[in-house]
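Colleague: here are the coordinates; sequence isn't available:
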């Protein structure tokens, strides 16, 4: 049971390049999330998904796109990377329940992205 | 979503209880209080959550005031490995947003 796996762990991009970050979970969770964390800051929500084929914007969605074609995978895309997108990116997943109880979220170990 | 307010940083002596406060004065009736922590640069780790009642698990205790406007996370016997940033989140599914958290430093 791997939990939440992020690929890649490190990446250096040149300004204007594109890339896709992959998040995979093996817990059959409905909800998945992408966050970014800048040095000394808390996590900021980029996009999230409540199920296969659905996505929604979070706090800082500009410059990013996401897709959830399969329940277990949540992809984060940068179409034209900018230095301001240098950050650590975290993915998370959790169950959906009728209320909000017992919806512990599990996080990946992060992807360190540098845009030069 | 309701907002939370936490102190920026706190210190605690090793072996003593660490009490981390969180203010969530605008919480609504169906919002749960969750606590996570982030050790160094790892992914955040779930600690505990609650709605109205106090909760306890193997990691910590959560005390929620009767009016639900504030809560306290208690680490009963802090160790050096508890040094981390602790996040208090008020959550209604599916949204899950983090604030800046409290940086807890446990000192020998």
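Modeller: Received it, and whenever you're ready, just let me know what you need. Remember, it's a predicted structure, so these values are computed and weren't measured experimentally.

Colleague: so where is chain A shaky, pLDDT-wise?
Modeller: A:1, A:97-102 (pLDDT under 70).

Colleague: which residues of it lie near chain B?
Modeller: Contact residues, chain A versus chain B (Cβ under 8 Å from any Cβ of the partner chain): A:4, A:31, A:33, A:35, A:41-45, A:48, A:50, A:56, A:58-59, A:88, A:90, A:92, A:94, A:96-97, A:99-110. All C-beta atoms are positioned from the backbone trio N, CA, C, and that covers glycine.

Colleague: nearest to chain A: which residue in chain B?
Modeller: In chain B, the residue that lies nearest chain A is residue B:43 (3.1 Å; Cβ to the nearest Cβ).

Colleague: quick one: that residue is in a helix?
Modeller: No: under DSSP: H, G, I helix; E, B strand; the rest coil, residue B:43 sits outside any helix and is assigned coil.

Colleague: how far away is the nearest residue to it once chain neighbours are set aside from residue A:33?
Modeller: Distances taken as Cβ to Cβ, 6 or more residues apart in numbering or on different chains put residue A:107 closest to residue B:43, at 3.1 Å, once the chain neighbours are dropped. According to Cβ to Cβ, to the nearest Å, residue A:107 stands 9 Å off from residue A:33.

Colleague: find residues that contact each of the two.
Modeller: Both residue A:107 and residue A:33 are contacted by A:91, A:92, under the criterion Cβ atoms under 8 Å, 6 or more residues apart in numbering or on different chains.

Colleague: quick one: residues contacting residue 12.
Modeller: By default, I'm working from chain A. Applying Cβ under 8 Å, 6+ apart, the residues near residue A:12 are A:113, A:114, A:115, A:116.

Colleague: nope, chain B
Modeller: B:18, B:75, B:78, B:82, B:104, B:105, B:106, B:107.

Colleague: dump the residue contacts of residue B:81.
Modeller: Remark: with contacts taken as Cβ under 8 Å, 6+ apart, residue B:81 is in contact with B:39, B:106.

Colleague: looking at this, it is in a helix?
Modeller: Yes: counting by three-state DSSP, residue B:81 falls inside a helix.

Colleague: list only buried entries from the residues of chain A next to chain B.
Modeller: A:4, A:31, A:33, A:35, A:42-45, A:48, A:50, A:58, A:88, A:90, A:92, A:94, A:100, A:103, A:105-110 (16 or more other Cβ atoms under 10 Å in any protein chain shown).

Colleague: those in strands, which ones?
Modeller: A:4, A:31, A:33, A:35, A:43-45, A:48, A:50, A:88, A:90, A:92, A:94, A:106-107 (DSSP state E).
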